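Chemist: just need the structure, nothing else, for what follows:
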Amino acid sequence: MFYAIPLENKPSWRNPPWMTVLLILVNMIVFWGPQRSEEKADERAAHYYAQSVLPELELPPFVAWLEETRSPRAKAAQRLLARKQTGPLLDGMQQEKTFLQKLRADGVVTPSNPRYAEWKRDRQQYESMQPAPFTERWAQDYTKDAESKPWTWVTAAFLHGSTGHLLGNMLFLFLFGFSVELALGRGTYLSFYILGAVGASLLADWAYAGKGSYGLGASGAVSALMGMYAVMYRLRRIRFFYQLFFYFNYVTAPALLLLPAWIANELLQHAVGGQGIAYMAHLGGLLTGAALMACAMALNRVKTPDAVASEQSNGNEEFDRHVAAARRLGAAMKFEAATAEWRAAAALRPGDADTLRAWFNTARLQPAGEDFHQAARRIFRLPATDPDTLALQHASYITYLDQAKPGARLKPDDMARLARRFTRVRQFQDADKLCRVLLKTAPDHPELADTLSVCANGLLHAGERDMAVGWLPHLLRIAPNDMVTRALERA
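Modeler: Numbering: from 1, shown residues only. Below is the predicted model of the structure:
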């Protein structure tokens, strides 16, 4: 057994791997949703089966049938029957469609059998308890003469056989997926993931056709990501953790060496006859992923993590240059030039409150200038997720209202947003003024009703009953069924 886990990179939360997270969530929802429901129903049916007359009448003929057809599972089935292990035998029988067809056609327990009526009753009850097939419907079918279902080349990649199977695949999906997603972009990444699943399924179909059982799991698609990762980094030396049988260690080596190592491992595991794991699906995924990434790189469609890091580094250096220039110019009393530098820095980090504050405070020295209005609007539109940002927005609003020339240029969206936020910090006078201006200048604004409701509710909870009731006529007109409106009517 061999596997390798890269330890070189961490997710960039400046550009989160949302598509990778979404794929993980979809896999988990499918497994803990319809698959788990199906499993529980199967367990209830299996419990009934074990308590019924069915094991006594069906399992010995099933084992005899395996022997007659020279099935490689015959000896194991004999041992299970001797030990009266009903569960594994039932699972095996459910996979033998030929035997099940004969059984359901009264070819195993025939009408001449004295216990036929008893068997028929319990068999019908057992089958009525079985859930509608979900996993079987959407998984790859490797049984002999199986119906062709091309859609399962994709859907099988979102099914799993156990919790351990799911969690193992999701771990590797995250470890490799975030780097590949960052390099390809979300749309191309998703397309390549699905194509990787298809490539894995096609090779598995060819290798396992007619051998029975079903193919499912994200490992083929994840293997495609591993192939993409190795080709993307090529000869760059990557630090990774590996395990070879019982030996494990850390090593730094060219990423591209991982690809032949992974391929050799899958071929070896397949050759030694590993059961229960579709090694050819892994191989198909590796080859498909490597080919897709090679094509994308040939077409210059890949932004490697090194390039992204370089861009971020260059952006940080440029930002630092603008900030340093702004401070130097401000100290030299060259405020117009300093304002321009702060504007450039804010363009690089539009959500940086400290940068916006510096731009605003410098621009206020020219209150008729466009920069003062722009800086104010940018501050007002910051996400107010913490008290410091709310305090900055309120202080900037007071300054802007007082100093802007020829006057404040507040848009209705900004007024509605600030009114709600000022209510949160109990600045009721300013919130009240904004609501009145909004009511006068934008009476049809889509957020007017919600804004008035929030403000009135805040006043009511703060004990400012008279101010809150003052908004009742307006709320009765634009939001008569709102909960706050009804509360004010009772106040």
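Chemist: the strands in the stretch 1-150 of the chain, which residues?
Modeler: 2-6, 140-141 (DSSP state E, counting those that start in this stretch).
Chemist: now do the same contact list for the nearest residue to Ala157 once chain neighbours are set aside.
Modeler: Residue nearest to Ala157 in three dimensions, not counting chain neighbours: Ala197, with 3.8 Å by CB to CB, 6 or more residues apart in numbering. C-beta coordinates here come from the backbone N, C-alpha and C atoms, glycine included. Neighbouring residues of Ala197 by CB atoms under 8 Å, 6 or more residues apart in numbering: Trp153, Val154, Ala156, Ala157, Ala218, Gly220, Ala221, Ala224, Gly285.
Chemist: which of these has the largest number of neighbours?
Modeler: Neighbours here mean other CB atoms under 10 Å. Within the contacts of Ala197, the largest count is held by Gly285, at 35 neighbours.
Chemist: hmm, who's touching stretch 343-363?
Modeler: Under the contact criterion CB under 8 Å, 6+ apart, stretch 343-363 has outside partners 315, 318-319, 322-323, 326, 330, 335, 338-339, 342, 369, 371-372, 374-376, 378-379, 382-383, 388-389, 392, 396, 399.
Chemist: out of the residues you listed, which end up buried?
Modeler: Those of those that meet the buried threshold are 319, 322-323, 326, 330, 335, 338-339, 342, 369, 371-372, 374-376, 378-379, 382, 392, 396, 399, by 16 or more other CB atoms under 10 Å.
Chemist: restricted to strands, list those residues.
Modeler: Judged by DSSP state E, strands contain none of these.
Chemist: among those, which are located in helices?
Modeler: Under the assignment DSSP state H, the buried ones among the contacts of stretch 343-363 contribute 319, 322-323, 326, 330, 335, 338-339, 342, 371-372, 374-376, 378-379, 392, 396, 399 to helices.
Chemist: low-confidence ranges in the stretch 151-300 of the chain?
Modeler: Across the stretch 151-300 of the chain, the ranges flagged by pLDDT under 70 are 235-253, 255, 273-276.
Chemist: what are the ranges of the helices in it?
Modeler: Listed in chain order, the helices of the stretch 151-300 of the chain (DSSP state H, counting those that start in this stretch) span 152-155, 163-184, 186-208, 219-233, 258-271, 279-298.
Chemist: tell me which of those sits most buried.
Modeler: helix 219-233 (a mean of 28; mean count of other CB atoms under 10 Å).
Chemist: ok, back up a step: lowest average pLDDT across the strands of the stretch 1-150 of the chain?
Modeler: Here the lowest mean pLDDT among the strands of the stretch 1-150 of the chain goes to strand 2-6, at a mean of 54.
Chemist: Gly351 and Gly185, how far apart?
Modeler: 22 Å (CB to CB, to the nearest Å).
Chemist: more neighbours: which of those two?
Modeler: Taking neighbours as other CB under 10 Å, Gly351 and Gly185 compare with Gly185 leading, 15 against 11.
Chemist: phi first, then psi, for the more buried one.
Modeler: The phi and psi values for Gly185, taken as degrees, to the nearest 10, are phi 90, psi 150.
Chemist: distance of it from Met170?
Modeler: Taken as CB to CB, the span from Gly185 to Met170 is 22 Å.
Chemist: same question for Arg364.
Modeler: Separation of Arg364 from Met170 (CB to CB): 52 Å.
Chemist: pLDDT of stretch 318-335, averaged?
Modeler: Summarised as a single mean, pLDDT over stretch 318-335 is 91.
Chemist: show residues contacting that stretch.
Modeler: Stretch 318-335 has contacts (CB under 8 Å, 6+ apart) with 337-339, 341-342, 344-345, 348-349, 355, 358, 362, 365-366.
Chemist: pull out the buried residues from those residues.
Modeler: Buried among the contacts of stretch 318-335 by 16+ other CB under 10 Å: Ala338, Thr339, Glu341, Trp342, Ala344, Ala345, Arg349, Thr355, Ala358, Thr362, Leu365.
Chemist: and which of the contacts of Ala197 is nearest to Pro133?
Modeler: Among the contacts of Ala197, Ala156 lies closest to Pro133 (CB to CB), at 13.8 Å.
Chemist: just checking, the closest one touches Asp141?
Modeler: No: the pair Ala156 and Asp141 fails to qualify as a contact (CB atoms under 8 Å) at a distance of 9.5 Å.
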